[in-house]
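Colleague: Here you go, sequence then predicted model.
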Amino acid sequence: MKIIDCPLNGPRNAQEFVCGGEVRQEPSQDAAIDKWADFVFLENNLQGVVHEWWCHVPTSYWFIVTRNTATEEIIATRRPDEFFAGLKQTDGAGSE
Amino acid sequence: MPLALLKYGFRRKYKGDKYFPAARPLKDTYDVVIIGGGGHGLACAYYLASDWGIADVAVLEKGWLASGNTARNTAIIRANYLTPAGALFYEESMRLWRSLAGELGINLMYSERGHLTLAHSDAALRTSRWRAEVNQHLGIDSELVGRDEIAKLCPEINLSEEVRYPVLGALYHPPGAIARHDAVAWGYARGAMHSGIEIHQQTEVTGIKKHVGGSIELETNRGSITAGTVVQAVAGMSSEVARMAGFKLPIRSIPLQACVSEPLKPFLDPIVVSGSLHVYVSQSARGELVMGGATDPYPLYSTRSTLDFTERLMASMLELFPFLENAKVLRQWAGIADMTPDFSPVMGLTPISKYYIDAGWGTWGFKATPVCGKCMAELTATGKVPDLIRSFELERFGRMEQVGERGAAAVGH
């Protein structure tokens, strides 16, 4: 994985990006502390296909990368609005 | 030894001892099953037999003996950690290391070299002073040294001020050591097997079920096994195995790469670490420079090597040792590190009774092999969490009680 196809800037060197972690549903503000501890600390850390937030650092642009953590293959890069619109259609698949 | 050579060397009948006893068939039930035949799992097995007389134990290893991170680390042993919980735990490990070769009857090539953590900024100096104070308070040999002392301890380091990050000082830890990591696993494995413990290689756990009666059923590629107690020690695959058991861990799996140079004349006595330059290096007994750096920038389960890593690491190496410009890198490899948010391990109880965990060893697991094995064996035998590892339990995250070791456990931040 050397090149990431940024939805805003096009194909760029992977060193220009940082990984922000898995796409997850944030608990509500009044959720119990164990829900928050789970959200803050625990990880699915799946070996396989994951959806993650990535940032193109020079332009501070956050977007969604779908990649395989076993093979290091990037499957798709999408704008967040595009990704979450797709999620609504498939009834929340990929969120946690 | 020469006499024994004379006595047996020319005898036709002398067969010698096989290093490992012959493997036995896999049984259906065991008192204890340890998942993972790396250093930690094997040490736990060894101490279960030697300290607690428990020998109905099977160690299941999906590959071959110590084929994971035990054989991939850079073999550095030290105790100059930042928190009292961490420093005391690793100090106990140092104590065990010193007598380990004799106890296991194998040459671990344990070599105390001294450990220099270079500081190139005021912030790094402050952390070094903080670590030295915590260490001294706990009786650990550790001090802050200046440039003059660094020049005496390791005259090879480039102390020029004409570089991007000049060396300002260092944390010096005289007991810092290196050891031959494969031998550690072999020694523990042999000791455990001679006590009657079984080690089953090429045996992968594919499913975990909890029975109503309290026993735990493990599905493997060689049939199912019932265990009274299970210890999980599978660095690199901790989250995936825990998922089979039904709980989540505070771990991201991130590759950590390392490499060795071609063998060079011995020139580097201490182990040299630089957090600012993202490099650590020691010279092995056969002259190879064993070098490592920061973890990769994103989670991954692949042990591929990258040119990005080598380029960056060599740039740092040349800033510290410019005379190595013509030396060549011989081998490069990676291990999958269990990175936790507080850079401390996860040891002890899990949400499942009689299922104990030994995980989250990130980039700092090898040095803890003896003490971790001892503590996990005590937990397995008694069901009580030893005081030495109480701070590292999985539940600490639910209570927001992290054991912050980032300043002492990592390079590259």
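Modeller: Received, thanks. Numbering: from 1, shown residues only, chains lettered A, B, ... in the order given.

Colleague: contacts and neighbour counts: CA atoms only from here.
Modeller: OK.

Colleague: Could you name the helices and strands sitting against whichever strand or helix holds B:Val241?
Modeller: Assigned by DSSP states H and E, B:Val241 falls within helix B:238-245. If contacts are counted by 3 or more CA pairs under 8 Å, 6 or more residues apart in numbering or on different chains; DSSP states H and E, helix B:238-245 sits against strand B:205-210.

Colleague: List the buried residues of the strand it packs on.
Modeller: Of the residues in strand B:205-210, B:205, B:208, B:210 count as buried by neighbour count, 16 or more other CA atoms under 10 Å in any protein chain shown.

Colleague: Ignoring the adjacent residues along the chain, who's closest to the last one?
Modeller: Among residues not flanking B:Lys210 along the chain, B:Ile216 sits closest, at 4.7 Å (CA to CA, 6 or more residues apart in numbering or on different chains).

Colleague: got a list of what the one you found touches?
Modeller: Residues near B:Ile216 by CA atoms under 8 Å, 6 or more residues apart in numbering or on different chains: B:208-210, B:226-230.

Colleague: One more: B:Thr380?
Modeller: Under the criterion of CA under 8 Å, 6+ apart, the neighbours of B:Thr380 are B:48, B:229, B:231, B:354, B:356.

Colleague: any low-confidence regions in chain A?
Modeller: The model of chain A has pLDDT under 70 over residues A:1, A:90-96.

Colleague: now swap in the stretch 1-150 of chain B and tell me
Modeller: For the stretch 1-150 of chain B, the stretches with pLDDT under 70 are B:1.

Colleague: in it, what residue is nearest chain A?
Modeller: Proximity of the stretch 1-150 of chain B to chain A (CA to the nearest CA) peaks at B:Gly68, 16.1 Å away.

Colleague: That residue contacts B:Gly36, doesn't it?
Modeller: No: under the criterion of CA atoms under 8 Å, B:Gly68 is not in contact with B:Gly36, lying 9.2 Å apart.

Colleague: Of these two, which one has the most company?
Modeller: Neighbour comparison, B:Gly68 and B:Gly36: the larger count goes to B:Gly36, with 32 against 23 (by other CA atoms under 10 Å in any protein chain shown).

Colleague: Would you map the helices across chain A?
Modeller: For chain A, the helices defined by DSSP state H cover A:33-41, A:80-89.

Colleague: and what of chain B?
Modeller: Using DSSP H, helices in chain B cover B:2-9, B:39-52, B:84-104, B:122-137, B:147-153, B:181-194, B:238-245, B:307-320, B:369-382, B:406-409.

Colleague: how near is A:Asn9 to chain B?
Modeller: Using CA to the nearest CA, to the nearest Å, A:Asn9 is found at 20 Å from chain B.

Colleague: Look at that residue and say how many residues are nearby.
Modeller: Counted with other CA under 10 Å, residues neighbouring A:Asn9 total 11.

Colleague: gap between it and A:His56?
Modeller: According to CA to CA, to the nearest Å, A:Asn9 and A:His56 sit 8 Å apart.

Colleague: so who does the residue of chain B found nearest chain A touch?
Modeller: Closest residue of chain B to chain A, CA to the nearest CA: B:Pro250 (4.0 Å). Shown in contact with B:Pro250 (CA under 8 Å, 6+ apart): A:41-43, B:340-341, B:360.

Colleague: go on, A:Leu8?
Modeller: A:Tyr61.

Colleague: give the contact list for the residue nearest to the spatial centre of chain B.
Modeller: For chain B, B:Phe366 is the residue whose C-alpha lies nearest the centre (CA atoms, centre = their mean; 1.2 Å). B:Phe366 makes contact with B:39, B:70, B:73, B:75-77, B:181, according to CA under 8 Å, 6+ apart.

Colleague: Now intersect the residues you listed with the strands, please.
Modeller: With strands taken from DSSP state E, the overlap with those comprises B:76-77.

Colleague: among the contacts of B:Phe366, who's most crowded?
Modeller: Neighbour count (other CA under 10 Å) singles out B:Gly39 as the most crowded of the contacts of B:Phe366, with 33 neighbours.

Colleague: Those residues of chain A touching chain B, which are they?
Modeller: Contact residues, chain A versus chain B (CA under 8 Å from any CA of the partner chain): A:18-19, A:33-34, A:37-38, A:41-47, A:69-72.

Colleague: what about 6 Å?
Modeller: Applying CA under 6 Å from any CA of the partner chain, one finds that chain A approaches chain B through A:19, A:34, A:37, A:41-43, A:45, A:69-70.

Colleague: Looking at chain A, what residue ends up closest to chain B?
Modeller: When scored by CA to the nearest CA, chain A has A:Leu42 as its residue closest to chain B, at 4.0 Å.

Colleague: give me phi/psi at that residue?
Modeller: Phi and psi for A:Leu42, reported as degrees, to the nearest 10, are phi -80, psi 150.

Colleague: sorry, back to before: pipe the contacts of B:Thr380 into a markdown table and attach neighbour count and distance to chain A per row.
Modeller: A markdown table is the format used below for the contacts of B:Thr380 (neighbours: other CA atoms under 10 Å in any protein chain shown; distance: CA to the nearest CA, whole Å):
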| residue | neighbour count | distance to chain A |
| --- | --- | --- |
| B:Leu48 | 28 | 30 |
| B:Thr229 | 22 | 24 |
| B:Val231 | 25 | 20 |
| B:Lys354 | 21 | 21 |
| B:Tyr356 | 22 | 18 |
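
Colleague: So which of those residues belong to strands?
Modeller: Under the assignment DSSP E, the contacts of B:Thr380 contribute B:229, B:231, B:356 to strands.
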